[in-house]
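**Q** structure for the following, please:
(chains A, B, C and D)
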2 protein chains.
Amino acid sequence: MAKITTSSTRASRLRQRSLERREAERVRLRDELLAVAERLLQENGYAGFSLRQVAEATGYTPTTIYRYFDDRDALLKTVISKWFTTFAREQEAAYRSASSPRDRLMAMAAAYLRFAVEHPAVYRVMFLERMDIGLLPGGDSFEKDPGFGVLMRAVTELRDAGGTGELDPMAAAMALWVGLHGVAAMAVCSGILDGIGAERLGMLVTANTLSGLAGQ
Amino acid sequence: MAKITTSSTRASRLRQRSLERREAERVRLRDELLAVAERLLQENGYAGFSLRQVAEATGYTPTTIYRYFDDRDALLKTVISKWFTTFAREQEAAYRSASSPRDRLMAMAAAYLRFAVEHPAVYRVMFLERMDIGLLPGGDSFEKDPGFGVLMRAVTELRDAGGTGELDPMAAAMALWVGLHGVAAMAVCSGILDGIGAERLGMLVTANTLSGLAGQ
DNA sequence: TGACTATGGTAACACCATTAACCAAAAGCG
DNA sequence: CGCTTTTGGTTAATGGTGTTACCATAGTCA
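**A** Predicted coordinates for the structure are as follows:
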């Protein structure tokens, strides 16, 4: 009886280890697929990122990817969602880097453009080419996104300090955002801003918008 | 002698007519290809517009299109260049619709957003997805584009009226444009602005930028 | 051991742009 | 008129894409 029990637990331990190895290998391959997909996306852009290339780079066949992701969009979505987290973290860091509402917003604007300029292909997918992917809460609840939640917080503080008159914080935040988005879109889509400097123009636009809001 | 001459001119006239018919048929088919390509682009967007579909819709084979255009990009470029002309005409009309620099810029902003909202797929290709296509003069000479030339004119007039301080008109025009572009990009890429109203936000952003510029 | 499942691969379908080879008809010309 | 060349279309093929159905092997577990 004791012998049988021992043997049984030993077998179950072996089985357990095997399961763990399998599971570890599974997440390892999944992570590798994600890493390769991210690299290809940054190198070749959205259009130049294909399942076949991901498969080729990892030494598997394209169909294998379907064991780990529903389809191309699901893979892309997983890659991009990590970037949304990074984006939010950087915005929060910029928020904390200053104390006055105005300085905070200027720091966040600088961080916003830095993100776009440093990761142009990623920015394109996030905010231009695949905005439909649904990682940004749409409609009137987009402030639920962590990255824009901190923007809303800063803008609300600015209003409480009397910096936006009676204007709806949502509208004020939008006004600030679209200016940055315009600069960023220009920067990542064309060379038009190369000579001007996206950061410089972004600071000008943001400062303008802030003083415009102050006059409301 | 006279007879021969007559016969010769008659033959040459027939030949001339034949040439004209051929030429007319050639431009007709070319125009049909352009019209179908434009329609498909507006219906399906840039990604969903293919030579095969254009060929299918016109009753020809895909290869025939290569007799009239170098490749897919050349066809797209021809379609889009007509839209740049339309865009410039609308901007000029907006410019003429008001008399003061400020009113002119507000009217142009409204026209800009109307263009984007009414032709979202076209706007996307022109200013987001295929800005590389080279129809906008790049670098520091982008004011050579007719549509932005009139913007530069209006901004220069605004400066002469004391509306932008000593700020470079180019920078001021950029500041105005990127705000609109941000709103437009948001409008054509997502439903985020559906509840807010792109035109309303665009007017707010433009008014903000103008009052910000006035404080320079 | 035998059934079941998980994870890979193969082959195929349906698209896509692009190119080469080809062919009929028209144009040009002696 | 008859010959050659050019024009305007075709078919066939190359190489790329996402995606699916099916198969084989190996591991899990009764």
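**Q** all helices in chain A, in order from the N-terminus.
**A** With helices called from DSSP state H, chain A shows them at A:2-44, A:51-58, A:62-68, A:72-96, A:101-118, A:120-124, A:146-160, A:169-189, A:198-214.
**Q** okay if I get the ones you listed as a markdown table plus mean pLDDT and mean neighbour count?
**A** Using the backbone N, CA and C atoms, a C-beta is placed for each residue, glycine as well. Formatted as a markdown table, those follow (pLDDT from 0 to 100; neighbours: other CB atoms under 10 Å in any protein chain shown):
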| stretch | mean pLDDT | mean neighbour count |
| --- | --- | --- |
| helix A:2-44 | 79 | 12 |
| helix A:51-58 | 98 | 17 |
| helix A:62-68 | 98 | 15 |
| helix A:72-96 | 97 | 17 |
| helix A:101-118 | 97 | 20 |
| helix A:120-124 | 97 | 21 |
| helix A:146-160 | 95 | 20 |
| helix A:169-189 | 92 | 25 |
| helix A:198-214 | 92 | 22 |
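**Q** to B:Y68, which of those helices lies closest?
**A** Between B:Y68 and those, the shortest gap by CB to CB is with helix A:169-189, which sits at 28.5 Å.
**Q** so the closest one versus helix A:198-214, what angle?
**A** Helix A:169-189 runs at 160 degrees relative to helix A:198-214, counting by axes from the mean of the first three to the mean of the last three CA atoms, to 10 degrees.
**Q** report the angle between helix A:169-189 and helix A:146-160.
**A** On the basis of the same axes, to 10 degrees, helix A:169-189 is oriented at 130 degrees to helix A:146-160.
**Q** quick check: residues of chain A near DNA strand C?
**A** Residues of chain A found near DNA strand C (CB under 7 Å from any atom of the strand) are A:R22, A:E25, A:R26, A:L29, A:G59, A:Y60, A:T61, A:P62, A:T63, A:T64, A:R67, A:Y68.
**Q** the same query, at a cut-off of 6 Å, please.
**A** For chain A, the contact set with DNA strand C under CB under 6 Å from any atom of the strand comprises A:R26, A:L29, A:Y60, A:T61, A:T63, A:T64, A:R67.
**Q** how is chain A partitioned into domains?
**A** Domain assignment for chain A by automatic domain parsing gives A:2-69, A:79-214.
**Q** what does chain A put close to DNA strand D?
**A** Residues of chain A lying close to DNA strand D by CB under 6 Å from any atom of the strand are A:15, A:18-19, A:22, A:50-53, A:62-63, A:66, A:71-72.
**Q** kindly present these as JSON lines, with separate columns for distance to B:F142.
**A** Shown next, in JSON lines, are those (distance: CB to CB, whole Å):
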{"residue": "A:R15", "distance to B:F142": "67"}
{"residue": "A:S18", "distance to B:F142": "63"}
{"residue": "A:L19", "distance to B:F142": "61"}
{"residue": "A:R22", "distance to B:F142": "57"}
{"residue": "A:S50", "distance to B:F142": "33"}
{"residue": "A:L51", "distance to B:F142": "37"}
{"residue": "A:R52", "distance to B:F142": "38"}
{"residue": "A:Q53", "distance to B:F142": "34"}
{"residue": "A:P62", "distance to B:F142": "41"}
{"residue": "A:T63", "distance to B:F142": "46"}
{"residue": "A:Y66", "distance to B:F142": "45"}
{"residue": "A:D71", "distance to B:F142": "39"}
{"residue": "A:R72", "distance to B:F142": "35"}
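**Q** which two of these have the greatest separation?
**A** Within those, A:R15 and A:S50 form the most distant pair, 38.7 Å apart (CB to CB).
**Q** select, out of the domains of chain A, the one closest to B:R114.
**A** Minimum separation from B:R114 across the domains of chain A (CB to CB) falls at domain A:79-214, 16.5 Å.
**Q** sorry, back to before: from the residues of chain A next to DNA strand D, which single one is nearest chain B?
**A** Comparing these against chain B with CB to the nearest CB places A:R72 closest, at 12.7 Å.
**Q** so what's that closest one up against?
**A** By CB atoms under 8 Å, 6 or more residues apart in numbering or on different chains, the residues touching A:R72 are A:S50, A:L51.
**Q** ok, A:S100 next?
**A** With contacts defined as CB under 8 Å, 6+ apart, A:S100 is in contact with A:A161.
**Q** alpha carbons only: can I get stretch A:172-187 in CSV?
**A** Extracted C-alpha coordinates of stretch A:172-187, given in CSV (Å, rounded to 0.1, in the frame of the first residue of the first chain):
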residue,chain,number,x,y,z
ALA,A,172,-10.4,71.1,-23.3
ALA,A,173,-8.5,67.7,-23.2
MET,A,174,-9.6,67.0,-26.7
ALA,A,175,-8.4,70.4,-27.9
LEU,A,176,-5.0,69.6,-26.4
TRP,A,177,-4.9,66.1,-27.7
VAL,A,178,-5.8,66.8,-31.3
GLY,A,179,-3.1,69.4,-31.6
LEU,A,180,-0.5,66.9,-30.5
HIS,A,181,-2.0,64.2,-32.6
GLY,A,182,-1.9,66.5,-35.6
VAL,A,183,1.8,67.2,-35.1
ALA,A,184,2.5,63.5,-34.4
ALA,A,185,0.6,62.3,-37.4
MET,A,186,2.5,64.8,-39.6
ALA,A,187,5.8,63.7,-38.1
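**Q** any residue of that stretch touching chain B?
**A** Yes: judged by CB under 8 Å from any CB of the partner chain, stretch A:172-187 comes into contact with chain B at A:M174, A:A175, A:W177, A:V178, A:G179, A:L180, A:H181, A:G182, A:V183, A:A185, A:M186.
**Q** turn the residues of chain A next to DNA strand C into a markdown table, columns for distance to chain B.
**A** Formatted as a markdown table, the residues of chain A next to DNA strand C follow (distance: CB to the nearest CB, whole Å):
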| residue | distance to chain B |
| --- | --- |
| A:R26 | 33 |
| A:L29 | 30 |
| A:Y60 | 26 |
| A:T61 | 25 |
| A:T63 | 24 |
| A:T64 | 26 |
| A:R67 | 27 |
